[in-house]
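[1] heads up, no residue letters with this:
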């Protein structure tokens, strides 16, 4: 009887100790999904679809893993924001300041980054389908190993951009500025370079160029020649 009682009290004591330990040990902080939008807001993993946040100051905010499809960030201030692994279907960042923002492994479809400021932004291993970057500034942006099928970078500033191993089939760079851009290993099937000066790009090889599209206004690096199929028919 005594042994049984001692064992019971022992288990009670152990259970109480576990409860106290759980209460005393600091628990990981949770994102404030109900927090009002503002600079440095933490919406990690939050459902924030179809919101109107045009012009909002969200500088250095955390949206990692957030669902942002259909949300409007037109003209918003998002410099230094973390957008890693976020979902961006038909999301608008037109004219937004995304300087240094991180979109690593994010997913986007038919979203709008036209005229956005994306200097030094990171798109490593991002998967973007039919996204518009028309007139955007991607100076020194990192698009390494990203998948950008049928994206539109026409008239974009791409100087110093890293497109190493990027997948760019049927993507449009018409009129883009690409001095110092790294195209080593990029997949350029039917990628359009009409009216683009490619003379200052890095890593472009003839085998890549043979898959791409250009015209008489395309300027090539020394040693490379325009394929016989140029100009490509309109699609």
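    It's in. Owing to the predicted nature of the structure, the values given are computational and were not obtained by experimental measurement.

[2] with adjacent residues omitted, what lies nearest to residue 185?
    Sequence neighbours aside, residue 165 is the residue nearest to residue 185 in space, at 4.3 Å (criterion: Cβ to Cβ, 6 or more residues apart in numbering). Glycine gets a C-beta too; all of them are placed from N, C-alpha and C.

[3] now residue 220
    In this structure, residue 220 finds its nearest non-sequential neighbour in residue 198, 5.6 Å apart by Cβ to Cβ, 6+ apart.

[4] how about the contacts made by that neighbour?
    By Cβ atoms under 8 Å, 6 or more residues apart in numbering, residue 198 lies in contact with 178, 204, 218, 219, 220, 221.

[5] ok, the third one - how many residues close by?
    By the other Cβ atoms under 10 Å criterion, the neighbourhood of residue 218 contains 22 residues.

[6] quick check: the gap between the most centrally placed residue in the chain and residue 127.
    Geometric centre of the chain, nearest residue: residue 103, 3.1 Å, by Cα atoms, centre = their mean. Look at residue 103 and residue 127: by Cβ to Cβ, to the nearest Å, they are 10 Å apart.

[7] now do residue 35
    From residue 35 to residue 127 the distance is 28 Å (Cβ to Cβ).

[8] what ranges do the strands span in the protein?
    87-89, 107-109, 127-129, 147-149 (DSSP state E).

[9] for those, give me TSV that also has distance to residue 226 and mean neighbour count.
    Shown next, in TSV, are the strands of the chain (distance: least, Cβ to Cβ, whole Å; neighbours: other Cβ atoms under 10 Å):
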stretch	distance to residue 226	mean neighbour count
strand 87-89	36	21
strand 107-109	32	20
strand 127-129	28	19
strand 147-149	23	21
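
[10] a markdown table for those, including distance to residue 174 and mean pLDDT?
    Formatted as a markdown table, those follow (distance: least, Cβ to Cβ, whole Å; pLDDT from 0 to 100):
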| stretch | distance to residue 174 | mean pLDDT |
| --- | --- | --- |
| strand 87-89 | 24 | 98 |
| strand 107-109 | 21 | 98 |
| strand 127-129 | 18 | 98 |
| strand 147-149 | 15 | 98 |
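
[11] so which of those comes closest to residue 192?
    Residue 192 sits nearest to strand 147-149 of all those, at 12.6 Å, using Cβ to Cβ.

[12] who are the packing partners of the closest one?
    Packing contacts for strand 147-149, counted by 3 or more Cβ pairs under 8 Å, 6 or more residues apart in numbering; DSSP states H and E, involve strand 127-129.
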